[in-house]
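In: A predicted structure for the sequence below; I have some questions about it.
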Amino acid sequence: MIRSDRMWRLFALPALAVWLTLAAGFVRAVDETTGAPEAGVSSGLPVSPAPTDGTGARDGELRIAALGDSLTTGVGDDGGKGYVGRVRERLEAETGRKAVVVNFSIPGLTTEGLLAQLGQQAHIGRTVAEADVVLLTIGGNDLFGIARDVFDPGRDTFDLDRVEARIPAAIANFAAVMDKLAGWNSRAPIVYIAPYNPFYDVDEGAKAARGVALWNARAMEVVAGKRNGVFIGTADLFQVQFSARIARDHFHPNERGYEAIAERVVQALAEQEAVRDGG
């Protein structure tokens, strides 16, 4: 199994318009990310009904269960595919199998919310149990979701202490999530796509990067503890090409960002038996 281990300051009046644009986009992202999620939010991806018996998808089909937050929904991608849709397309092309996606993601979801969702919706467990691949993004909203209390664009400050204080409880929730997923399905790769730093374009972005690194180190330990866990780091993808891969909201990936994530996921899945041979 493959495991890939791995705030702006104003100096002159002409920059004011740029700052206002960024701030407005950030606030929109926060509103979207932290707004009360609605049940049944769809990413626009091809979605199959959740299996209710033991048959699941048709013979030969590649079954993908997707869970988590706005990244798995594909927020920021004008085309709506996100990384999940791109992974589906590439796996179909590379395996010659039709891929069926069931996407349970909810924008704004936290680890606590995901754990509750898994406990309240029994059909998710049945879908995961029959999946050939499980895709998961979670943790970003625990770190940055209530972003107004960790980042102040007016004063250009980032509260790393507050972010760090949230990590232990969120990691405990994440570990419980992974326990549930691995308990339902010990065969299919459970692919965890880790958070990146959405604040590279601001002066105190280094503080945010440290918060992400702390989370990712702990999350990697959790994933490594599962025989079928696959950890996908994404921080470097946005560190080197942030402006090219971030959406207009300056928070979520754009099409290029999701493409980079999908490429890394597919690379990690290349030798997974459940993907290659259908389990």
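Out: Done, it's in.
In: quick one: residue 126 from residue 185, how far?
Out: 10 Å (C-beta to C-beta, to the nearest Å). Glycine gets a C-beta too; all of them are placed from N, C-alpha and C.
In: more neighbours: the two, which one.
Out: Neighbour count, other C-beta atoms under 10 Å: between residue 126 and residue 185, residue 185 has more, with 23 against 18.
In: all helices for the stretch 51-200 of the chain, in order.
Out: With DSSP state H, counting those that start in this stretch as the criterion, the stretch 51-200 of the chain has helices at 70-73, 82-95, 111-120, 122-129, 140, 160-184.
In: now residue 74, nearest residue through space, not along the chain?
Out: Computed as C-beta to C-beta, 6 or more residues apart in numbering, the closest residue to residue 74 that is not its neighbour in sequence is residue 82, at 2.3 Å.
In: is it true that the one you found touches residue 72?
Out: Yes - shown here, residue 82 and residue 72 form a contact pair, counting by C-beta atoms under 8 Å, at 7.0 Å.
In: those two: which is more packed in?
Out: Legend: neighbour count by other C-beta under 10 Å for residue 82 and residue 72, higher for residue 82 (31 against 25).
In: in terms of pLDDT, where does that one sit?
Out: Looking at residue 82, its pLDDT reads 98.
In: try residue 211
Out: 93.
In: got it, and residue 54?
Out: Reported pLDDT for residue 54: 39.
In: repeat that for residue 97.
Out: Confidence for residue 97, expressed as pLDDT, is 94.
In: distance check, the closest residue to residue 256 other than its chain neighbours against residue 175.
Out: Nearest residue to residue 256, sequence neighbours excluded (C-beta to C-beta, 6+ apart): residue 245, at 4.8 Å. As judged by C-beta to C-beta, residue 245 and residue 175 stand 29 Å apart.
In: now residue 77
Out: 30 Å.
In: cool, residue 164 as well?
Out: 18 Å.
In: those two: which has the busier surroundings?
Out: The residue with more neighbours, out of residue 164 and residue 175, is residue 175; 19 against 15, by other C-beta under 10 Å.
In: nearest spatial neighbour of that one, chain-adjacent residues omitted?
Out: residue 222 (4.9 Å).
In: before we move on, what about residue 259?
Out: residue 86 (5.9 Å).
In: what's the neighbour count on the closest residue to residue 81 other than its chain neighbours?
Out: Using C-beta to C-beta, 6+ apart and skipping residues adjacent in sequence, the residue nearest residue 81 is residue 74, 6.1 Å away. A count of nearby residues for residue 74, using other C-beta under 10 Å, gives 28.
In: so residue 74 touches residue 86, yeah?
Out: No - the criterion here is C-beta under 8 Å, and residue 74 misses it with residue 86 at 9.2 Å.
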